[in-house]
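Trainee: Predicted model follows, preceded by the sequence.
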Amino acid sequence: MPAFRFQATDKSGGRISDTVIAASKDVAIAELYDRGLFVSSIGLDKPAGFAGLSLDRGGVGRAEVERLATELSILLRSGVRIDKGLAVLERNSKSSGLKQLLSNLIAAVRGGDSLSNALSKHEAIFGRLFINLVRAGEASGRLDIVFAQLSIDRKYQQQLRNDVIQALTYPAVIFAVCVICVMFVFNYVVPQMSPLFEGVDNIPTYTAVLLNASDWLRINQWYAAAVLAAVVVMLVRSFSVPETRAKVLRQLTGFPLIGSMLLQVNQVQVNSTLAMTLSAGISIDEALGMASMSVENPDVANSLKSAQEQVRRGATLTSSLANSALYPDFALSLIEVGEESGDLIPCFEELTARARSQFELRVSQFTAVLEPLLILAMGAIVGGVVVTMLLSVVSVNDVAF
């Protein structure tokens, strides 16, 4: 869903400038009004450059949010009040962005606001799921347990990102090496050999193509690099728009290997969210609604929302999830056992662990298959240029094999 940048005034007259994620501007205004905020201006939050990959996070990274949840869990478990716990973290923080965030949270909590409402003013940093779980923890009195679960979930999510980056790093390095080799040949090697062909009539077609390609690249390479950089920036900015990203993800699910990997990522996200929310005492229908917000694939999110409506109408969870691609027959059997026993949390924890293990296996398989293919491709490109050069020299000197 899109993010909206707003300026508002709270009940005490204080001015707030932040972002909120909502389906539309009217929905955003209504949500802010429910929080006790009076909106003075609001508009679509436009990402800038590569920063568009994540919303305005105020200089606070995901790893810092994970550490914040971990340390708050420990402090609350030790009996420290929430405002004092936040003050301890603020004193020990080395990050200016995190220090400012903690200062704002302390001021809000000591001013009589709940922690969840204070966090909701920084939704771009924490996310709606994080805030809703904290609100549930406050209602149940299990805030320390909720923060411990949020810490574990953030570590899972970070590890998933690391796995994806690891799978993409090797292909990127191979591609970069290939480009560097070709650039070196066209910029230095071919120009050194071009005098051999001066004054030669009827040079082979492949030799003419090689020389022309080298001349064009040396003259236009900086323009080509600028155009390529502009295209990359445009693609990144387009992908940062939720609607565009959702369309891309929907298309990628049709590819055999990539589609199954994305499905497993969604399984980890959804099942870990359901385990966390149920542990926090949230009802299963509300948990399904929160789980639908944890995924960006619109088809998966819609299937979860449909299951939520069916559960509210009295259907069993197993039958409600039967049409979702996230849950094969084995998973549905496990959920059915959990429903009959009255304890679904271990079921979703087991499904999370299985999906995570399968995803890591797929990443290993993907890397193992891709490595030799990329090496062969690089060898074919660089080797093809070298062979073309040798054939050109042979043809000029009229040497027979």
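Mentor: Okay, I see it.
Trainee: which residue ranges form the helices in the stretch 101-250 of the chain?
Mentor: All helices of the stretch 101-250 of the chain, identified by DSSP state H, counting those that start in this stretch, fall at 115-120, 123-126, 128-140, 143-184, 190-193, 205-239, 242-252.
Trainee: Nearest to Lys94, out of these?
Mentor: Lys94 lies closest, by C-beta to C-beta, to one member of those: helix 123-126, at 17.4 Å. For glycine as for every other residue, the C-beta is placed from the backbone atoms N, C-alpha and C.
Trainee: how about JSON lines for the helices of the stretch 101-250 of the chain, with mean pLDDT, mean neighbour count and distance to Ala291 added?
Mentor: Written out in JSON lines, the entries for the helices of the stretch 101-250 of the chain read as follows (pLDDT from 0 to 100; neighbours: other C-beta atoms under 10 Å; distance: least, C-beta to C-beta, whole Å):
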{"stretch": "helix 115-120", "mean pLDDT": "87", "mean neighbour count": "21", "distance to Ala291": "19"}
{"stretch": "helix 123-126", "mean pLDDT": "81", "mean neighbour count": "21", "distance to Ala291": "17"}
{"stretch": "helix 128-140", "mean pLDDT": "81", "mean neighbour count": "20", "distance to Ala291": "8"}
{"stretch": "helix 143-184", "mean pLDDT": "80", "mean neighbour count": "16", "distance to Ala291": "12"}
{"stretch": "helix 190-193", "mean pLDDT": "81", "mean neighbour count": "15", "distance to Ala291": "57"}
{"stretch": "helix 205-239", "mean pLDDT": "84", "mean neighbour count": "13", "distance to Ala291": "23"}
{"stretch": "helix 242-252", "mean pLDDT": "73", "mean neighbour count": "14", "distance to Ala291": "16"}
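Trainee: Which one of these lies nearest to Thr273?
Mentor: For these, distance to Thr273 was read as C-beta to C-beta. The smallest value, 6.4 Å, belongs to helix 128-140.
Trainee: Go through the protein and flag its longest helix.
Mentor: helix 345-397 (DSSP state H).
Trainee: which other helices and strands contact it?
Mentor: On a contact count with 3 or more C-beta pairs under 8 Å, 6 or more residues apart in numbering; DSSP states H and E, helix 345-397 meets helix 143-184, helix 190-193, helix 205-239, helix 256-279, helix 329-341.
Trainee: what's the closest non-adjacent residue to Val382?
Mentor: Here the nearest residue to Val382 in space, its sequence neighbours aside, is Cys181; by C-beta to C-beta, 6 or more residues apart in numbering that works out to 4.8 Å.
Trainee: follow-up on the earlier one: got the angle for the longest helix of the chain vs helix 205-239?
Mentor: Put simply, helix 345-397 runs at 150 degrees to helix 205-239, going by axes from the mean of the first three to the mean of the last three C-alpha atoms, to 10 degrees.
Trainee: avg pLDDT for helix 345-397?
Mentor: For helix 345-397, mean pLDDT is 82.
Trainee: would you turn the helices of the stretch 101-250 of the chain into CSV with distance to Glu339?
Mentor: CSV is the format used below for the helices of the stretch 101-250 of the chain (distance: least, C-beta to C-beta, whole Å):
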stretch, distance to Glu339
helix 115-120, 29
helix 123-126, 31
helix 128-140, 21
helix 143-184, 22
helix 190-193, 69
helix 205-239, 39
helix 242-252, 30
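Trainee: would you say Gly43 is within a strand?
Mentor: Yes: the assignment for Gly43, made by DSSP: H, G, I helix; E, B strand; the rest coil, places it in a strand.
Trainee: Bridged to it, which residues?
Mentor: Listed by DSSP bridges, the beta-bridge partners for Gly43 are Arg5.
Trainee: hang on, it packs against Ala28?
Mentor: No: counting by C-beta atoms under 8 Å, Gly43 does not reach Ala28; the two are 10.0 Å apart.
Trainee: the more surrounded of these two?
Mentor: Comparing Gly43 with Ala28 by other C-beta atoms under 10 Å, the one with more neighbours is Ala28, at 23 against 10.
Trainee: Report the secondary structure element holding that one.
Mentor: Of the helices and strands defined by DSSP states H and E, Ala28 is found in helix 25-34.
Trainee: Now that helix: buried residues?
Mentor: Taking 16 or more other C-beta atoms under 10 Å as the neighbour-count basis, helix 25-34 is seen to contain the buried residues 28-29, 31-32.
Trainee: Would you mind pulling the contact partners of stretch 344-352?
Mentor: The set of residues external to stretch 344-352 that reach it, using C-beta atoms under 8 Å, 6 or more residues apart in numbering, is 156, 267-268, 271-272, 274-275, 278-279, 284, 317, 331, 334-335, 337-338.
Trainee: Same check on stretch 196-209?
Mentor: Outside of stretch 196-209, the residues that reach it under the criterion C-beta under 8 Å, 6+ apart are 211, 388, 391-393, 395-396.
Trainee: Show me how to select, in PyMOL, the buried members of the residues you listed.
Mentor: Selection command for PyMOL covering only the buried members of the contacts of stretch 196-209, criterion 16+ other C-beta under 10 Å:
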select buried, resi 211+388+392+395
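Trainee: what about Asp113, neighbour count?
Mentor: Using other C-beta under 10 Å, Asp113 is surrounded by 19 other residues.
Trainee: Likewise for Met378?
Mentor: Met378 - counted by other C-beta under 10 Å - has 17 other residues nearby.
Trainee: what's near enough to touch it?
Mentor: Residues near Met378 by C-beta under 8 Å, 6+ apart: 174, 177-178, 181.
Trainee: Make sure I have this right: Val60 is in a helix.
Mentor: No: in this structure, Val60 is coil, not part of a helix, as judged by three-state DSSP.
Trainee: I'd assumed Ser95 was in contact with it.
Mentor: Yes: counting by C-beta under 8 Å, Ser95 is a contact partner of Val60 at 7.2 Å.
Trainee: ok, the two, which is more surrounded?
Mentor: Val60 (21 against 14).
Trainee: Look up how far Asp83 lies from that one.
Mentor: Distance, Val60 to Asp83, using C-beta to C-beta, to the nearest Å: 19 Å.
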